[in-house]
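In: how would this look folded up:
(chains A, B and C)
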Amino acid sequence: MLDNILSILVFFPAIAAIFGFAVAKDSIRAYGVAVAFIEFALSLLLWFSFDSSVSGMQFMEMVPLVPAFGINYILGVDGISLFIVILASFFTMIGIASLGETKNVKNMIISLLFLQMTMAGVFVALDAIVFYVFWELSLVPMLYIIGAWGGPLRIYASVKFFLYTFTGSLIMLVGMLFMAYFYYQATGTWSFAFLEWYRLILPETFQLWLFGAFFIGFAIKVPMFPFHTWLPYAHGQAPTIGSVILAAILLKMGTYAFIRLSLPMFPDASVFFMFPIAIIAIIMIIYTAMVAYAQEDIKQVVAYSSISHMGVIILGTFALNVEGITGSIFLMIAHGVVSGALFLLVGVIYDRRHTKMMAEFGGLASVMPRYATIFGIMLMASVGLPLTINFVGEFLSLLGFYQQSHILTLLAGIAIIVGAIYMLSAYKKMFFGEVTNEENRNLPDVNKRELVALVPLVLITVWLGVYPKPLLDPISNSVKSVVQLMHDKAISEEAKTRIPNLMDGVTRVKETN
Amino acid sequence: MEIGLNHYLVLSTILFSIGLVGVMRRKNLLMLFFATEILLNSVNISFAAISHFYGDLTGQMFAFFVIAIAASEVAVGLGLLIVWHKRHNAIDLDLMSTMKG
Amino acid sequence: MELLLYTALFAPLVGSLFAALFGASPKTLVTGVVTSLLLGVSLVASTILLIFVITSGQFVHVEMMTWITAGDLYIPFGFIVDQISVTMMMVVTLVSTVVHVYAIGYMDHDKGFNRFFSWLSAFVFSMMVLVMSDNFAGLFIGWEGVGLCSWGLIGFWYQKESATWAANEAFIMNRIADLGMLIGIFLIYWNTGTLQYHEAFAAMPALENATLVWIGIFLFVGAMGKSAQFPLHTWLADAMEGPTPVSALIHAATMVTAGVYLVIRSHELYALIPNVGLFIASLGAFVAIFAASMALVNRDIKRVIAYSTLSQLGYMFVAAGLGAYWVALFHLMAHAFFKALLFLGAGNVMHAMDSELDPFKMGGLGKKMKVTMIMMTLASVALAGIYPFAGFFSKDLILEAAFVEQHYIIYTVLLVTAGLTAFYSFRIIALIFHGEERYKLFGFHPHEAYKFMLVAMSPLLLLAIIAGSFKLSYFEMVTNLLPAIEYHIHHPLTYWVITLGTQLFVIAAIFFAYKKYMSKSVKVPDGTSAMEKSFFYKLLINQYYIPRFYEEYLVKPYRELSCVFWKHVDQKVVDATVDGIANVIYITGENSREMQSGNLSTMLKWMVAGLVALLSLAVVFGLATRHSDKIMLILSGLGV
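Out: Numbers count the residues shown, from 1 in each chain, chains lettered A, B, ... in the order given. Here you go, the predicted model:
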C-alpha cells in the first residue's frame, strides 16, 4: 500500500466523492467527515513513513501516459510538499466537520472532496502535464463553491476568480511547452518530468523568458501585487468553507510552484529577478496591510492580510538560501493554519449575525469570551508573536532575505508593524468597548461543532510555534538539495555568489550592494 | 488575333467578379443561386482553359465534378427555397435571420 | 540547580494557565491565591539560585530543547542564571509576588478577577524568559511576550475606549522598536553565525567597527521601545489606563527596564563602541530631564509617577551608556522597589478615592490613610535620593559616574533632574496627604486599604529603605561578569562638596514643594490662574504637544492614506485596470457579434472580405519573399 500511497491520497477522495452521489442526504455529512478523516489519516501515515533524512523524492510512482511525448504520470513527495499535502487533507477534514447549515449540503461535500483530489494532485505531481491538469481542475470545484453558495456578487466573483487565474495558467502552460521543447532540442527526447527538467541548464536569455511565463501563472495564483484584486472578491463572496480552503491551500499552490519549478529550473533568472520581485513583495506587504487597515468588513481584513503575508512568503522564497526558503515553506503552513482559522472565526460570527461589518459589532469580548479568546490567539499568531506558528516562518524568511539585502529586509520588516496595526484595530472594533448594538447582547458563544474545528487549530498554532522541529528538519533537508542544485546550475557569476554553496561548509555572502 | 489562355482567364475573372458582386448584393435567394452558378462556371472556364493549355485532362475532369456538384447544390437549394417560400411567402434574404446571434 | 531554574521559570506559567481555566467564570479567590503562591515558589527558587550564584560564583546553564533549526541557524530554548539574570529574577519575582498579593485586594470587586491573574502571571513568565534566555531569539520571545501581556493588561478594562486605545498604542509602538531589535538580531546572526550570547559576544571583537555600530544601534532601538525612550515614550504615560498593580509591576519595576537589561546584557558589545554608548547616555540624560519636566505640572498622580519612571530610566541609560553597567543594574533594582511601592501606594489612594486621580481634588488624606502616607513618603524620599535610603546609593552613584567620566553636561542635567524629581514627588505627596481636605467638596469618603495589602507592600518598603546597604556585596557579586569600575571622586573635598551639595539641593526642592502645595490656598485649578495660562505650563501639560503631533502627522495620515489606497488605488486603478482589460475583450466580442447576424448576405460579404484579405496577404508575402534581398537593401539604405 505504501508504494501507491500517493495515488491513493489523490484518488481516494475523488472516488469517494463519486460514491457520495449515492449516499442519502441525511448521512452525507457523516460520510464526508469519514472520508476526509481517512484521507487525513492516510496523509499522516505518509508522514510517519516518510524518511526525514532523505532530501530527494520519496514514494515515487510512474505510469507512462503518452510515451511518444514523454508525458508520464509521475508522483512523488519530499520535505517541501509533504506538509502542504497534510495541511490540505487536514483542512478538508476540518472544513467538512465544521460545515454549518448549508443548502445542498451534499453537493458541497462532493465538491470539497473533488477539491481535495486536485489539491493533493498539484502538490505531489512531478510531471508538468499532470501538474497542469490538477492545477486547472482545482479551479472548477472552487468556481462552483463560490458561484453556488456565495454572497450577492457571487457570479461576478467566481467568474473573475476563474478567468483571472485561468489566463495566468495558460501562459504558464505555454512556458511548459517551450520548456519541453527545449528539453527535446537538448536531449533528443521529449520529457515533461520535473526531475528531468532540473538537469537542463538553459542559457540565461531563455531562462528569463521562461521565468516570466511561469511567473505570471504563479503570481496570479499567489496573488502578487498587482494581480491580487480577484482575491478580495473571491473571499468576500465565498462561503466560509470556500474562503478557508482558498486561503489555506489554494494560494499556496503559487508559492509552492515557485519553489518547485522556478527556482531549480531557472537559477540565474531567479537571481536576476530577485530584487524586482522583492520590491513587489514589499509593496504587497505594506500596501495591502494598509488597505486591510482601511477595510470595514472583517472578512476583507483577513483577505488582505493574507496577501500581505504571502508577500513575506515570496520574500523568503527569493532569499535563495536555506534559511529563507525553509522559512517561506514553513510560513505557507503557518499561514494556512492561521488564516484558515481566522476565516473560520469570521464564519462563526457571520452565522450568528449575518453580517461581517465591524461597525455592527463591538464589545463582543464580554458576550462571547471564548470566541474572543480564540480570536485573540489567532490574531496574535497572525501578527507573528513568538511561540506561535507564524513567527517561526516570518523570522526565518526575513532572516534569510537579510543576507541578500539589508534595506529591503528593513522595509519588509515593517510587516510586523503594519500587521499589528490592522489586526489590533480590527480586534478593538469588534471585541472591545461596550456592547452598543442590542442584537449582539445575547449572542451564543462558540458551540461544540465550531470548537471541534477551532481547538485543533489553536493547538497546532502553539505546538508548532514552540516546537517546529518536526517540520523544519525535513523541509530544511529538501531545501538544501534545491539550493545546492541551484548553485551548481547557476551560470552567471552573480548567481554563483548569491546562491550559497552548501558543499564547502559555511558560506556567508557579504552584501554587495 | 488568336484567342489565347489570357483571354479565357480574363473572361473567367470578369464572370467571377460579376458572380461575386451578385452574391454580395442580391437579396433575392433565387438571384443568389444564379450568382453562385456564375461563380462556379467562371471557375469551370478557367479549369478547362488551363487544362487545355497544359494538355492535362485533370482540369477538365475537375470541371465536370464542379458541374455535377453545382447541379446537386442547386437541386437541394431550390428544394429548400421552395419550402421556405411556401412557409414564409417570400424569398428575401434579410428575412432569414432565425440564427441571428 | 536545573530543577530550581525550571521551577523559577515555569511556576508563573503554571499559575497563569491555572487562572486561565477560570478565565471566563466569575471571581474565584483561589486563582489569586494559587498564582500568588506559585510566584512565591518562583521567588524562593530564585533566592536559592541567587545564593548559589553568590557563594559559588558559577552560572547555571541549561538547554531545554531545540527551537528553530534551518540551514546553519540553530536556536535552542536555553536558559542561563548568572549574576545579571539572577538580579533581574530577584527583582521580577519579588515585585511580582508583592503585586499579586496586593492585587487580590485591589481587584477584589472586579469582574475580570481571574482573567487578571492569568494575564499577570503570564507576564511574569514572559519576563522570566526575557531575562533568563541565553540567546537573542529567546530574549525576543520574552520581549514580545511581555509586550503581549502589557497589551492585555493595559486594555484590561476593555470596555473603556481610552484603555483599549492605550493598549494598542503601546503594542504598536513597541512593535516599531521590535523591528529594530529584529534587524539587530539578523545582523548578529549573519555576522557571527550564532545567536547565543557568549558565542556571539566572543566573535564580536573580530568584526568591523561599522557593523558593530549598526548592531549596537539596532539593538538599542529595540531597547528604546520597551524602555519608552524618546521619541517612543508616549505609550508609557497612556499605559496608566491599566489597573494600578499592572502599572506597578510592568510599567515601573520590570518590563520597562528590559531595555536597560538588554544594554547591560550586551555590555561586551557596547564596550567596543563607546560612541554609541555616549549617544545612549546623552539620550538618557535628555529623557531624564524631559520626563521630569512633564511630571512637574501633571494632574494625574499615576502619570506623574509614570513620568518619574521614564526619568529614572533615563538615569539608568546614562549609567549603562557610560559603561557603568553595574551601577545601572543596581539603580534598576533599587528603583524597582521604591517605584513599585509608590505605585501601589497610589493604588491605595485611588481605591480610597473611587478611582479619582487628580491630586488637587484630594488633600489631607493623611489623616485617613496614615500607613499609605508613610509608605509613599518614604518611597518618595528614596526616589529623591536622600541618605540613607536606596535612591541615595544608586542614583547618586550615577551622578558620580557621570562626574568621574568627565561628562559634565550630562552631570549637570542629571543634577537638575534630581532637584526636579524631588520637587514633583513631594508635590503630589503634599497635594494628596496634606493641606486642606479638598476631597470633601467632591463627596468622597476615603478609607485605608485592606490590612493584607499593606502587609504585602511592606517588603518593598523595607527594601526601599535598606537596599542601598547591599551596594558593596552587590558590587562584588555582579562584577564577576560586568566591568568592575568603582566610581569614586578621589579628591575628598570635591567628593563632600558634591555629595552634600546634591543632598542640600534635593532637600531644598522637597521643602519648596511642601511649602507650595501644603498651604491652604491650594485650589482645584480651573484654567484661570496666571500659571495655567503661561506658555510653559501649556507646553508641559500637553506633553510638548508630541502626542498631538503623532496623532495629526502620523496616525491620521496613515489612516487617510490607507483609505486612499483602498478606495482609489486598489479599486480605481489596479482592479479597474483588470476589469478594463476584461471589458475591452467583452466589448470587442459585443461589437463583433454583428458579424454573426445570421443574415446570409452580410455573412457572405464578410466571407468575401476575408477572402480578399487573405488573398492579398498571400500576394504580399509572396512578393516579399521573392524580392527579400531588394527589400533588405532598401531597408538598410534607410538605416534600419
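
In: so where's chain C shaky on pLDDT?
Out: Across chain C, residues meeting the criterion (pLDDT under 70) sit at C:598, C:639-640.

In: Near chain B, which residues of it are found?
Out: C:593, C:596-601, C:604-605, C:608 (Cβ under 8 Å from any Cβ of the partner chain). Placement of C-beta: from N, CA and C, glycine included.

In: which of those are buried?
Out: Neighbour counting with 16 or more other Cβ atoms under 10 Å in any protein chain shown marks C:597, C:599-601, C:604 as buried within the residues of chain C next to chain B.

In: Distance check, residue C:310 against chain B.
Out: The span separating residue C:310 from chain B equals 77 Å under the rule Cβ to the nearest Cβ, to the nearest Å.

In: And residue A:36, by the same measure?
Out: Shown here: residue A:36 relative to chain B, a distance of 45 Å by Cβ to the nearest Cβ.

In: what's the closest non-adjacent residue to that residue?
Out: Nearest non-adjacent residue to residue A:36, counting by Cβ to Cβ, 6 or more residues apart in numbering or on different chains: residue A:93, 3.9 Å away.

In: just residue A:385 next, same as before
Out: Nearest in space to residue A:385, with sequence neighbours left out and distances taken as Cβ to Cβ, 6+ apart, is residue C:144 at 5.3 Å.

In: what's the helix or strand for the one you found?
Out: Under the criterion DSSP states H and E, the helix or strand holding residue C:144 is helix C:136-154.

In: ok so, going back, now, the most widely separated pair of the buried ones among the residues of chain C next to chain B?
Out: Maximum pairwise distance in these, criterion Cβ to Cβ, is 11.3 Å, between C:597 and C:604.

In: Okay, and the residue nearest to residue A:36 sits in which element?
Out: Taking DSSP H and E as the definition, residue A:93 sits inside helix A:79-97.

In: next one: that helix to chain centre, how far?
Out: For helix A:79-97, the distance between its averaged C-alpha position and the chain's averaged C-alpha position is 10 Å (Cα atoms, centre = their mean, to the nearest Å).

In: and stretch A:209-224, anywhere near chain C?
Out: No: using Cβ under 8 Å from any Cβ, no contact is recorded between stretch A:209-224 and chain C, whose separation bottoms out at 10.1 Å.

In: Quick one: mean pLDDT over that stretch.
Out: Throughout stretch A:209-224, pLDDT has a mean value of 92.

In: Tell me how far the nearest residue to residue C:464 once chain neighbours are set aside lies from chain A.
Out: In space, not counting the residues next to it along the chain, residue C:464 is nearest to residue C:338; the distance is 3.9 Å by Cβ to Cβ, 6+ apart. Residue C:338 sits at a distance of 32 Å from chain A (criterion: Cβ to the nearest Cβ).

In: Go ahead and confirm residue C:338 touches residue C:377.
Out: No: the pair formed by residue C:338 and residue C:377 falls short of the contact definition of Cβ atoms under 8 Å, at 11.2 Å.

In: And those two? Which one has more around it.
Out: Between residue C:338 and residue C:377, counted using other Cβ atoms under 10 Å in any protein chain shown, residue C:338 has the larger neighbour count: 31 against 19.

In: And the helix or strand harbouring that one, what does it pack against?
Out: In this assignment (DSSP H and E), residue C:338 forms part of helix C:325-352. Of the remaining helices and strands, those touching helix C:325-352 by 3 or more Cβ pairs under 8 Å, 6 or more residues apart in numbering or on different chains; DSSP states H and E are helix C:83-106, helix C:244-248, helix C:258-265, helix C:301-321, helix C:370-384, helix C:390-404, helix C:451-466, helix C:471-478.

In: quick one on the thing from earlier: what's the angle between the helix holding residue C:144 and helix C:258-265?
Out: For the pair helix C:136-154 and helix C:258-265, the angle between their directions (axes from the mean of the first three to the mean of the last three Cα atoms, to 10 degrees) equals 160 degrees.

In: Relative to chain B, how far out is residue C:146?
Out: Taking Cβ to the nearest Cβ as the criterion, residue C:146 is separated from chain B by 69 Å.

In: That residue against residue C:256, yeah?
Out: No: with the criterion set as Cβ under 8 Å, residue C:146 and residue C:256 do not qualify as a contacting pair; they are 9.6 Å apart.

In: where do the contact lists of those two overlap?
Out: Both residue C:146 and residue C:256 are in contact with C:226, C:250, where contact means Cβ atoms under 8 Å, 6 or more residues apart in numbering or on different chains.

In: show me where the chain has strands.
Out: All of this refers to chain A. Secondary structure of chain A, counting by DSSP state E: strands at A:58-66, A:71-77.

In: Not quite, go with chain C.
Out: Taking DSSP E as the criterion, chain C carries its strands at C:60-70, C:73-81.

In: so which of those is the most packed in?
Out: strand C:73-81 (a mean of 22; mean count of other Cβ atoms under 10 Å in any protein chain shown).

In: between it and strand C:60-70, how many degrees?
Out: Interaxial angle, strand C:73-81 versus strand C:60-70 (the same axes, to 10 degrees): 160 degrees.

In: count of neighbours near the residue lying closest to residue C:449 once chain neighbours are set aside?
Out: Nearest-residue entry for residue C:449: residue C:348, 4.2 Å, with adjacent residues in sequence omitted and distances by Cβ to Cβ, 6+ apart. For residue C:348, the neighbour count with other Cβ under 10 Å is 29.

In: From what I see, residue C:348 and residue C:448 are in contact.
Out: Yes: counting by Cβ under 8 Å, residue C:348 does reach residue C:448; the two are 7.4 Å apart.

In: Just the pLDDT for residue B:101.
Out: Here the pLDDT value assigned to residue B:101 is 53.

In: and the residue nearest to residue C:464, what does it touch?
Out: With contacts taken as Cβ under 8 Å, 6+ apart, residue C:338 has the following neighbours: C:379, C:382-383, C:389-391, C:460, C:463-464.

In: any chance of the residues you listed in TSV, plus neighbour count?
Out: Output for the contacts of residue C:338, formatted as TSV (neighbours: other Cβ atoms under 10 Å in any protein chain shown):
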residue	neighbour count
C:379	31
C:382	31
C:383	30
C:389	24
C:390	29
C:391	31
C:460	29
C:463	24
C:464	28
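
In: out of those residues, who's nearest residue C:242?
Out: The closest of those, once distances to residue C:242 are taken by Cβ to Cβ, is residue C:460, at 19.1 Å.

In: Can you tell me the closest non-neighbouring residue to the closest one?
Out: With Cβ to Cβ, 6+ apart, the residue lying closest to residue C:460 is residue C:341, at 4.2 Å.

In: Quick check: the one you found touching residue C:372?
Out: No: using Cβ under 8 Å as the test, residue C:341 is too far from residue C:372 to be in contact (10.3 Å).

In: With neighbour numbers in mind, choose between those two.
Out: A direct count of neighbours by other Cβ under 10 Å for residue C:341 and residue C:372 places residue C:341 higher, at 30 against 27.

In: What distance do you get for the more buried one to chain B?
Out: For residue C:341, the distance to chain B equals 88 Å [Cβ to the nearest Cβ].

In: again, but for residue C:316
Out: When Cβ to the nearest Cβ is applied, the distance between residue C:316 and chain B equals 82 Å.
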